[in-house]
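**Q** The amino acid sequence is not available; the structure is as follows:
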């Protein structure tokens with residue numbers, strides 16, 4: 001290896017060490033996770049209504065619960081509870097025919113009556129919010145509201161129960177509307193909702209907490225269980241949630257960037273995009289240089305065992321440079337990075353180095369030019385279709401697996417993986433990127449272009465994971481190290497299988513011993 005290349009390796013390694021040592025996860029103040037419970041489910045375990053369960057809410061607040069899901073009531077719920085009376089048109093006509101009420105009375109069909117002014121004011125607000133006009137009347141000390149014809153009271157929302165809201169607010173809990181959507185609005189923020197069992201596994205809780213920057217985890221109690229048993233299970237889940245170190249307080253809403261700082265933001269995003277494209281390519285280059293340097297040093301000492309430390313040195317160099325690029329991207333991240341441009345940048349980091357690597361490996365050069373000028377064959381179409389299918393599987397595996405009804409099995413497998421709960425996020429590195437890069441380092445003297453192309457997924461995944469800021473840097477580095485170790489083991493198995501396949505294809509070799 002020439003002196004400039006050695007200096008390049010040393011400089012890249014030093015840069016990686018510096019960035020990994022001094023860089024801290026950016027924008028942790030933009031992350032928060034709130035633990036929540038369903039008001040009706042836990043209040044029913046206590047045998048009380050949500051408005052009368054103040055002691056339960058205080059107990060949950062002391063345990064670490066931050067929000068409670070409340071179902072929005074309708075006018076039909078108010079009628080069922082007796083806060084207002086509903087007289088249908090058919091009932092009023094029957095009473096009038098039977099002589100129970102006179103024709104001059106103020107009672108009309110399709111009307112609501114109540115002596116409670118607060119309940120009537122709530123009904124008026126609900127009707128106004130729904131865009132319905134109601135006529136008012138008074139009879140026997142009660143005020144009535146005439147409804148338009150054929151109004152379905154079950155479809156007119158009336159907001160939260162004021163008593164339940166007052167009880168939750170007194171306990172310091174945040175009331176959140178129950179919704180079937182993926183996100184809910186609370187305190188001026190959009191929270192991503194994840195519902196888990198009250199005795200969820202550690203992997204499920206950690207994946208839910210780290211999966212989104214602002215997460216609302218709703219713990220669902222078991223049916224036919226006592227309140228004390230469910231609270232004990234909830235207490236253990238909340239303890240696991242606190243171990244993540246994420247804040248349980250929603251961050252303050254950040255104002256839009258000033259015009260004077262928009263240029264700085266654009267410059268930061270441009271630099272981050274350059275890191276996402278060039279970081280994985282430099283990491284693979286560093287892997288090749290480190291592997292060749294280690295092989296050259298060890299060939300004289302132990303030529304048989306030289307490939308093993310050479311491959312490990314190459315993977316270590318790739319890990320260091322990819323970590324440096326990811327840490328630099330996290331350090332340069334602007335405001336609103338985690339829940340904004342970070343996801344687009346992650347996709348860019350996956351795709352851009354692969355496209356550049358494919359162009360450099362398969363398009364440039366005289367051999368590639370002759371291949372591109374040759375007529376298209378069926379084999380070429382089959383290879384192109386295989387690459388397209390591989391790209392879909394690598395970029396959108398969840399869509400493909402859900403379409404084939406295999407996602408549930410993979411999800412259960414990931415939940416029961418114990419300390420490897422994070423592997424669905426880093427499977428491209430563990431199962432594809434690192435093994436292919438290891439095989440490419442073994443076949444460095446032959447033609448490893450195809451292996452190198454898929455090996456780009458290893459540094460690309462690590463750079464994307466560190467730069468996106470979804471995890472603390474220590475957690476992300478530990479996961480990357482584990483992914484590289486597992487991937488190296490898979491790469492050794494893959495290289496062995498490749499050797500067996502080559503010997504099987506070539507057939508038995510002739511015996512060279514001389515038969516006298």
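**A** Okay, I see it. Bear in mind the structure is a predicted one, so any value in this text is a computation, not a measurement.

**Q** Any buried residues in the helix or strand where residue 382 lies, and which?
**A** Here residue 382, judged by DSSP states H and E, is contained in helix 378-395. For helix 378-395, the neighbour count (16 or more other C-beta atoms under 10 Å) marks residue 394 as buried. Any C-beta I mention is one placed from the backbone N, CA and C, and that applies to glycine too.

**Q** swap in stretch 434-441?
**A** For stretch 434-441, a neighbour-count test (16+ other C-beta under 10 Å) marks 434-441 as buried.

**Q** For residue 181, state which of those residues is nearest.
**A** residue 434 (37.5 Å; C-beta to C-beta).

**Q** mind checking how far the residue nearest to the closest one when sequence neighbours are not counted is from residue 426?
**A** Nearest residue to residue 434 in three dimensions, chain neighbours excluded: residue 487, at 2.4 Å (C-beta to C-beta, 6 or more residues apart in numbering). Note on residue 487: its distance to residue 426, by C-beta to C-beta, to the nearest Å, is 9 Å.

**Q** Please apply the same query to residue 433.
**A** In terms of C-beta to C-beta, residue 433 sits 9 Å off from residue 426.

**Q** what about those two, which has more around it?
**A** Ranked by neighbour count (other C-beta atoms under 10 Å), residue 433 and residue 426 place residue 433 first, with 28 against 25.

**Q** what sits against that one?
**A** 454-461, 487 (C-beta atoms under 8 Å, 6 or more residues apart in numbering).

**Q** could I get these as a markdown table with pLDDT, secondary structure and neighbour count?
**A** Shown next, in a markdown table, are the contacts of residue 433 (pLDDT from 0 to 100; DSSP: H, G, I helix; E, B strand; the rest coil; neighbours: other C-beta atoms under 10 Å):
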| residue | pLDDT | secondary structure | neighbour count |
| --- | --- | --- | --- |
| 454 | 89 | helix | 20 |
| 455 | 92 | helix | 31 |
| 456 | 93 | coil | 27 |
| 457 | 92 | helix | 25 |
| 458 | 93 | helix | 33 |
| 459 | 94 | helix | 34 |
| 460 | 93 | helix | 32 |
| 461 | 91 | helix | 27 |
| 487 | 92 | helix | 27 |
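
**Q** would you turn the residues you listed into JSON lines with distance to residue 127?
**A** Output for those, formatted as JSON lines (distance: C-beta to C-beta, whole Å):
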{"residue": "454", "distance to residue 127": "62"}
{"residue": "455", "distance to residue 127": "65"}
{"residue": "456", "distance to residue 127": "61"}
{"residue": "457", "distance to residue 127": "58"}
{"residue": "458", "distance to residue 127": "61"}
{"residue": "459", "distance to residue 127": "60"}
{"residue": "460", "distance to residue 127": "56"}
{"residue": "461", "distance to residue 127": "55"}
{"residue": "487", "distance to residue 127": "62"}
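
**Q** Pick out whichever of those residues sits closest to residue 234.
**A** The closest of the contacts of residue 433, once distances to residue 234 are taken by C-beta to C-beta, is residue 461, at 34.7 Å.

**Q** Looks like residue 460 contacts residue 350 (just checking).
**A** Yes: Residue 460 lies in contact with residue 350 (C-beta atoms under 8 Å); the separation is 5.5 Å.
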